[in-house]
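Undergrad: Sequence first, predicted model second:
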There are 2 protein chains.
Amino acid sequence: MYWLKEQMGSVGITCEAVATGMQEMLNGERIDLPPVILAQLGTSPNKKTLLVYGYVDVEPADKKDGWKTEPFKLAEKDGQLYGRGVADNKAAVILWISAIEMLQKHNIDIPLNIKFCFEGMAHCGSLGVEWVLRKRSEIWLQDVDFVCITDGQWLGNRKPCLSYGARGVCQFRIEVSTEGRDLHSGVHGGAVYEPMADLCWILDHLTDVTGKITIPGFDKLIAPPNEKEQELFESLDFDIEEYRKSIGASELTGTSKVQLLTRIWRCPSLSIHGLEGGYNGGSCKGVIPSKAFANLSVHIVPNMIPDRVNNLVVNYVNMFWPKRCSPNSIKIYPQHCIYPWITTYSLPHFEAANRAIRHVYGVDADLTRQSRPIPAALILQHFTGGSVIVMPLNSRDDAREVVNEKLQLRTYIAGVKTIIAYLFELSSI
Amino acid sequence: MYWLKEQMGSVGITCEAVATGMQEMLNGERIDLPPVILAQLGTSPNKKTLLVYGYVDVEPADKKDGWKTEPFKLAEKDGQLYGRGVADNKAAVILWISAIEMLQKHNIDIPLNIKFCFEGMAHCGSLGVEWVLRKRSEIWLQDVDFVCITDGQWLGNRKPCLSYGARGVCQFRIEVSTEGRDLHSGVHGGAVYEPMADLCWILDHLTDVTGKITIPGFDKLIAPPNEKEQELFESLDFDIEEYRKSIGASELTGTSKVQLLTRIWRCPSLSIHGLEGGYNGGSCKGVIPSKAFANLSVHIVPNMIPDRVNNLVVNYVNMFWPKRCSPNSIKIYPQHCIYPWITTYSLPHFEAANRAIRHVYGVDADLTRQSRPIPAALILQHFTGGSVIVMPLNSRDDAREVVNEKLQLRTYIAGVKTIIAYLFELSSI
């Protein structure tokens, strides 16, 4: 964060690091959340105001996981930049500073007032950002006309995209427990009802094999299919075979482009992240754990409201549980939630961004959704009333969030050009 | 082990620490297994020979788990001995040394030749012990008439027991995997078939809610019910309500004494010890793990043969898997196995041991099985041809394998008396 403040200072942007409050950890400890950096460049009453949002927090990384370079040291090789965060999402922040530096170097007047909101909790639901922005909404955010979020990813490698939606998420923790203690499976196995088996049973009754959620009433929360959008999906430059290979899957749950995009953009999905309890690691300790836990996420889509999703899931688990006829107790705890986000793409803002992309890439941008939540999108749409666009700068080959995360150098350079073109196209609306 | 050798030396027993070979760990490292201690006291051709088996390895323990005392430092309080291993099973080894010391102090001739086999891998299936005993079977084990294993536990607190059987175990590791890498559930959830959900599905199809194994053909491997033994079960001093309370269960899978004892002694059971894969600990990282693992144990009973059980389980999982219609791969790996053990209890050896118990406790011993494997029982029965008895010295209140493991001091004192009486009763057969 402090490095970022310095970088921004070097192009004459004065930053304010705003505290975002505290968070209670699972162990009861309360820790400070990282600050949000707010900044402003230009206050001309004759110019429109753009708010740029980005984040600099990253997924965990450890050299031991298979990194060929030090994950937290930028490395360049064969036209690629390697390091944790290069693609997700530090480059997309630095890009803005590079673009401004470039304009300043050539004494070109920046045609918009630009405000910046850079944060460090995006991978944890942008905790604290909403709180800061709410406090600033009446004054600082008042004059924002446009919001640009340089996050997300293109559908493939050939065509850039502009995004008008993102899924949300409702996370849950399920606990099945006996009243007793951990038991030796040799001594007591067969005499007791085992929480780990109970947990597998309930998890097996939430989805079908494709991950489609089988909880009754779920479908009714989803926005009805939109014919125009289906046609849009059909027109996109997305090769499902290419996609399949890029993630190493032997088979996908959808067989056509439209079907698959519908599944990841317009349908909720449920993923089990892990189970806890007992003893792992191939040891010979044969315990019957007295408590078993599962962490899971339900990715939600318009028009799903997190509170209603939470109620539906919690009620279903509690209503369905008695069918197991187990004396063990089940508890389901809703955790962090993020609303899905959607906007309309037939706006001058999208057209201006598309013209910028055409200048640099020579093609029209695909209009897409992002399947991963972008919590800032809805928050900024809400507090500014401005038109929000998500403009991903990474192609699929810019591998995000993986071991040996990388960004193509040419992506970075094209990104700087795109941002400059975007500023001028936007000012001409 | 070295402390034990010293203790045995102090009563004139010369020990031999016999290497038991090496074991390859999961990480490929090869480590030495702990030695087996073999020893002998007396070689009189006019006396019968008893082999005493015991072990000194323990379950893991950490003060942080809730121990009120240092787990690896013996503590005495209110007539209880606290410490990891006091009940399982170090006291049962030291008892023998105390008994011999007592007889020597009073210049009483020990009426049997005694051989000792003390090991340190009992919690890991007595790895290496079989290998050592096989090598010694033709000479050292040749003259053994009786084998006494002071392991296991009484059914309750009122009556000692003698055991004539123990379950075995077949351990398995199941892996479900995609061909690809870990994926972000936000980005890809809904497009891919998730291994963790697949794993829950297969685990949910191996047992019913009570842990009864639903794999076809399993029942046919079990010895048919024996009316005489059912009558024996009915006669035992076992209160299922007392048992239920002692383990803190709200309900048990059997409602009568005979039904419950049949379940833990004469029926196989399947326990899931833990699942691996993904990311736990309440983090916000929402991964779809590309590989998911489960560790499970099937406790087996006479007449089940581990190889046949392994085949049945492996074949069933592989045959059943296609019903899931998932493109992910399943692999099931049989791990360590222990044969079940059974002997006949209508033998002079059992009668002699019962007389010893009657001397000390004033009651007849209950004849029980142990539900937990005692791998040494079958090995020693096989290599000595002698009559094997399991003589547990712990009552249920002597809490084994738990946090704050304890042994009642009076259990220890009664144990020394029982062993002395047993030596004399055995010599009079």
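TA: Perfect, I can see it now. Residues are numbered from 1 along each chain as shown, chains lettered A, B, ... in the order given.
Undergrad: For A:His299, list each beta-bridge partner.
TA: A:Val169, A:Ser269 (DSSP bridges).
Undergrad: Return the residues in contact with it.
TA: Contacts for A:His299 (Cβ atoms under 8 Å, 6 or more residues apart in numbering or on different chains) come out as A:167-169, A:268-271, A:371, A:373, B:185-186, B:189-190. Yep, even glycine has a C-beta here, placed from its N, CA and C like the rest.
Undergrad: just A:Val363 next, same as before
TA: A:Val363 touches A:Arg158, A:Lys159, A:Pro160, A:Ile357, counting by Cβ under 8 Å, 6+ apart.
Undergrad: mean confidence score for stretch A:251-260?
TA: For stretch A:251-260, mean pLDDT is 95.
Undergrad: now swap in stretch A:315-324 and tell me
TA: Mean predicted confidence for stretch A:315-324 is 98.
Undergrad: and the residue in chain A sticking out farthest from the centre, what element?
TA: For chain A, the C-alpha farthest from the mean C-alpha position belongs to A:Val187; by Cα atoms, centre = their mean, that distance is 46.7 Å. Following DSSP states H and E, one finds A:Val187 within helix A:185-188.
Undergrad: now for that helix, which elements pack on it?
TA: strand A:287-288, strand B:269-276, strand B:291-300 (3 or more Cβ pairs under 8 Å, 6 or more residues apart in numbering or on different chains; DSSP states H and E).
Undergrad: and the angle from whichever helix or strand comes after the last one to strand B:291-300?
TA: So the one you mean is strand B:291-300. Note on strand B:291-300: by DSSP H and E, the next helix or strand toward the C-terminus is helix B:306-320. Orientation of helix B:306-320 against strand B:291-300 (axes from the mean of the first three to the mean of the last three Cα atoms, to 10 degrees) gives an angle of 140 degrees.
Undergrad: Could you list the residues in contact with helix B:306-320?
TA: Helix B:306-320 is touched from outside by B:168, B:170, B:172, B:174, B:202, B:205-206, B:215-218, B:221, B:268, B:298, B:300, B:330, B:332, B:334, B:337-339, with contacts defined as Cβ under 8 Å, 6+ apart.
Undergrad: Just the buried ones out of the residues you listed, please.
TA: B:168, B:170, B:172, B:174, B:202, B:205-206, B:215, B:218, B:221, B:268, B:298, B:300, B:330, B:332, B:334, B:337-339 (16 or more other Cβ atoms under 10 Å in any protein chain shown).
Undergrad: ok, of the contacts of A:His299, which one's closest to B:Lys48?
TA: A:Ser271 (65.4 Å; Cβ to Cβ).
Undergrad: Could you measure from the closest one over to chain B?
TA: Taking Cβ to the nearest Cβ, to the nearest Å as the measure, A:Ser271 falls 4 Å from chain B.
Undergrad: now do A:Thr344
TA: 23 Å.
Undergrad: How about the contacts made by that residue?
TA: A:Tyr164.
Undergrad: packing partners for the helix or strand bottoming out on mean pLDDT in chain A?
TA: When each helix and strand of chain A is scored by mean pLDDT, DSSP states H and E, strand A:22-24 comes last, with a mean of 84. Helices and strands touching strand A:22-24, by 3+ Cβ pairs under 8 Å, 6+ apart, are strand A:30-32.
Undergrad: Which neighbouring elements make contact with the strand it packs on?
TA: strand A:22-24.
Undergrad: got the buried residues for the strand it packs on?
TA: Buried residues in strand A:22-24 (16+ other Cβ under 10 Å): none.
Undergrad: ok, residues contacting it?
TA: With Cβ under 8 Å, 6+ apart, strand A:22-24 has contacts from A:Arg30, A:Ile31, A:Asp32, A:Leu33, A:Leu127, A:Gly128.
Undergrad: For A:Cys284, report the pLDDT, please.
TA: 46.
Undergrad: Just the CA trace of the helix or strand containing A:Lys245, in PDB.
TA: Using DSSP H and E, A:Lys245 maps to helix A:240-247. The C-alpha trace of helix A:240-247 is given here as PDB (Å, rounded to 0.1, in the frame of the first residue of the first chain):
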ATOM      1  CA  ILE A 240     -15.400 -24.400 -25.200                       C
ATOM      2  CA  GLU A 241     -12.900 -26.900 -26.300                       C
ATOM      3  CA  GLU A 242     -10.100 -24.400 -25.900                       C
ATOM      4  CA  TYR A 243     -11.500 -23.500 -22.500                       C
ATOM      5  CA  ARG A 244     -11.700 -27.200 -21.500                       C
ATOM      6  CA  LYS A 245      -8.100 -27.700 -22.400                       C
ATOM      7  CA  SER A 246      -7.000 -24.500 -20.600                       C
ATOM      8  CA  ILE A 247      -8.300 -25.700 -17.300                       C
END
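Undergrad: average pLDDT across it?
TA: For helix A:240-247, the mean confidence score works out to 92.
Undergrad: And the contacts of strand A:22-24, which is closest to chain B?
TA: Closest approach between the contacts of strand A:22-24 and chain B, by Cβ to the nearest Cβ: A:Leu127, at 8.9 Å.
Undergrad: Tell me how chain A divides into domains.
TA: By the assignment in the TED database, chain A contains the domains A:1-166+A:341-428, A:168-222+A:267-338.
Undergrad: which residues touch stretch A:394-403?
TA: Residues contacting stretch A:394-403 (Cβ under 8 Å, 6+ apart): A:59, A:61, A:65-67, A:86-88, A:92, A:152-158, A:160, A:243, A:246, A:405-408, A:411, B:181-182, B:184.
Undergrad: again, but for stretch A:125-138
TA: With Cβ under 8 Å, 6+ apart, stretch A:125-138 has contacts from A:18, A:20-21, A:23, A:33-34, A:36, A:38, A:55, A:117, A:119, A:121, A:141, A:169, A:336-338, A:373, A:375-376, A:379-380, A:383-384, B:284.
Undergrad: Filter these down to the buried ones, ChimeraX style.
TA: Under the burial definition 16+ other Cβ under 10 Å, those of the contacts of stretch A:125-138 that qualify are selected in ChimeraX by:
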select /A:18,20,33,34,36,38,55,117,119,121,141,169,337,338,373,375,376,379,380,383,384 /B:284
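Undergrad: Going through the contacts of stretch A:394-403, which ones are buried?
TA: The buried subset of those (16+ other Cβ under 10 Å) comprises A:59, A:61, A:67, A:86-88, A:92, A:152-156, A:160, A:243, A:405-408, A:411, B:182, B:184.
Undergrad: from those residues, which ones fall inside helices?
TA: Using DSSP state H, the subset of the buried ones among the contacts of stretch A:394-403 located in helices is A:Ala92, A:Tyr243, A:Thr411.
Undergrad: Closest one of the residues you listed to chain B?
TA: A:Tyr243 (7.8 Å).
Undergrad: now the host helix or strand of A:Ala353: mean pLDDT?
TA: Taking DSSP H and E as the definition, A:Ala353 sits inside helix A:348-361. Confidence for helix A:348-361, expressed as mean pLDDT, is 98.
Undergrad: cool, stretch A:184-202 as well?
TA: Here the average pLDDT along stretch A:184-202 is 95.
Undergrad: Next: stretch A:263-273.
TA: Mean predicted lDDT for stretch A:263-273 stands at 96.
Undergrad: what's the burial count for the nearest residue to A:Leu155 once chain neighbours are set aside?
TA: Of all residues not flanking A:Leu155 in the chain, A:Phe238 sits nearest, at 4.5 Å (Cβ to Cβ, 6 or more residues apart in numbering or on different chains). By other Cβ atoms under 10 Å in any protein chain shown, the residues close to A:Phe238 number 22.
Undergrad: Per-residue confidence, A:Glu401, what does it come out as?
TA: So A:Glu401 comes in at 64 (pLDDT).
Undergrad: What is the burial count for A:Asp208?
TA: As a burial measure, A:Asp208 scores 13 neighbours (other Cβ under 10 Å).
Undergrad: Now do the same contact list for the residue nearest to A:Ser371 when sequence neighbours are not counted.
TA: Spatial nearest neighbour of A:Ser371, chain neighbours left out: A:Ile264 (4.1 Å); criterion: Cβ to Cβ, 6+ apart. Counting by Cβ under 8 Å, 6+ apart, A:Ile264 makes contact with A:Arg167, A:Ser371, B:Val187, B:His188, B:Gly189, B:Gly190, B:Ala191.
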